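Enquirer: Here is my input, please return the structure:
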Amino acid sequence: MSVEVVVVGIGSGLAAHLTGEAVAALNRVDVFLVADKGSAAADLRTLRTELCVAVITHPGYRVVEVADPERGPDAERDRAAYEAGVRDWHHARAERYADVIRRELPEGGTVGFLVWGDPAFYDSTLRIVESVAEQGVELTTTVVPGISSVQLLAARHRLVLNGVGGSIHVTTGRRLVADYHPGLGDVVVMLDGALTCARLLEAHPDLHIFWGAQLGLPDEALVAGPLAEVLDEIRATRLRLRAHRGWVMDTYLLRGPSLSLPLP
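Expert: Numbers count the residues shown, from 1 in each chain. Got it, this is the predicted structure:
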């Protein structure tokens with residue numbers, strides 16, 4: 001059995017954010033595998049379903065939900081325990097996906113994974129696909145890029161994500177405090193539900209933040225300004241969005257005061 005895997009970046013989940021290459025790839029898929037993360041993520045599954053209905057022209061595709069393994073309390077783990085936990089989670093996911101692929105496509109075909117943003121940015125899908133192949137499923141893999149939250153954040157705030165000749169550093173909330181120093185230039189932070197940037201204020205009181213959540217969706221929210229002045233507004237906005245949807249996807253840029261202004 002030989003299976004083609006298509007990993008497609010879908011941006012915010014809007015059809016308007018798909019490239020032509022992504023639309024063509026989605027129309028080749030026989031079975032989409034979607035992680036079932038429980039009721040809190042039901043809205044995300046709905047967005048994926050609506051996207052497929054909007055752009056796929058053939059009626060024969062199927063969407064199969066696969067119960068997601070427990071991942072564990074990431075925030076409470078040190079780096080070694082965190083990395084070990086993620087590896088175990090990837091392996092458990094891959095085992096379940098391999099079983100579903102064998103069941104759903106015994107004669108081969110095309111499996112699709114819909115990835116928020118772009119598969120290259122802090123997403124585990126490609127690693128899990130590699131692990132599925134290690135389960136004995138013969139795969140060929142195609143990756144289609146998508147509009148990332150980093151690109152949307154810059155567009156919404158009318159930003160160039162670096163000073164002239166400067167660098168852009170992309171990290172996570174988990175790494176932010178350890179990584180940050182002004183010499184990095186602009187710092188884009190992803191996966192930071194705890195708003196770890198607050199811990200930088202004592203040493204770096206002049207930081208500016210450009211924050212965005214649910215980027216590209218109808219309830220998109222943007223906040224920008226001196227971090228010390230707008231942090232409470234961002235926290236309150238996150239709480240409101242979570243109460244409405246049950247989840248929040250947000251990204252932000254930290255910038256020193258000398259480069260604080262967006263384009264007019």
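Enquirer: ok, E138 - how many residues close by?
Expert: Other residues within reach of E138, judged by other Cβ atoms under 10 Å, total 9. Placement of C-beta: from N, CA and C, glycine included.
Enquirer: typo on my end, it should be A120
Expert: Using other Cβ under 10 Å, A120 has 13 neighbouring residues.
Enquirer: can you check L239 too?
Expert: Burial measure for L239: 11 neighbouring residues, criterion other Cβ under 10 Å.
Enquirer: got a pLDDT number for it?
Expert: L239 carries a pLDDT score of 97 in this model.
Enquirer: In terms of helices and strands, where is it?
Expert: The secondary structure element spanning L239 is helix 227-245 (assigned by DSSP states H and E).
Enquirer: by contact count, what packs against that helix?
Expert: Contacting helix 227-245 under the criterion 3 or more Cβ pairs under 8 Å, 6 or more residues apart in numbering; DSSP states H and E are the following elements: strand 208-213, strand 221-226.
Enquirer: which one of these is the most hemmed in?
Expert: Of all these, strand 208-213 carries the top mean neighbour count, a mean of 24, counting by mean count of other Cβ atoms under 10 Å.
Enquirer: Tabulate the CA atom coordinates of it in CSV.
Expert: Taking only C-alpha atoms (Å, rounded to 0.1, in the frame of the first residue of the first chain), the coordinates of strand 208-213 have been written out as CSV:
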residue,chain,number,x,y,z
HIS,A,208,6.4,48.0,22.6
ILE,A,209,4.0,45.2,21.7
PHE,A,210,2.0,44.5,18.5
TRP,A,211,-0.5,41.8,19.4
GLY,A,212,-3.1,40.0,17.4
ALA,A,213,-5.6,37.1,18.1
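Enquirer: possible to save the helices and strands packed on helix 227-245 as JSON lines with distance to Q151 and mean pLDDT?
Expert: Output for the helices and strands packed on helix 227-245, formatted as JSON lines (distance: least, Cβ to Cβ, whole Å; pLDDT from 0 to 100):
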{"stretch": "strand 208-213", "distance to Q151": "11", "mean pLDDT": "97"}
{"stretch": "strand 221-226", "distance to Q151": "15", "mean pLDDT": "97"}
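Enquirer: Now those in JSON lines, please, with extra columns for distance to G165.
Expert: Supplementary listing: the helices and strands packed on helix 227-245 in JSON lines, determined by distance: least, Cβ to Cβ, whole Å:
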{"stretch": "strand 208-213", "distance to G165": "20"}
{"stretch": "strand 221-226", "distance to G165": "24"}
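Enquirer: nearest to D250, of those strands?
Expert: When the helices and strands packed on helix 227-245 are compared by Cβ to Cβ, strand 208-213 sits nearest D250, at 3.7 Å.
Enquirer: how far is the closest one from where the chain is centred?
Expert: Averaging C-alpha positions (Cα atoms, centre = their mean, to the nearest Å) puts strand 208-213 16 Å from its chain's average.
Enquirer: what does stretch 108-125 give?
Expert: Relative to its parent chain, stretch 108-125 has a centroid offset of 10 Å by Cα atoms, centre = their mean.
Enquirer: mind listing what's buried in it?
Expert: Within stretch 108-125, the residues that qualify as buried are 109-119, 121, 123, 125, counting by 16 or more other Cβ atoms under 10 Å.
Enquirer: That's all I had, so thanks and see you.
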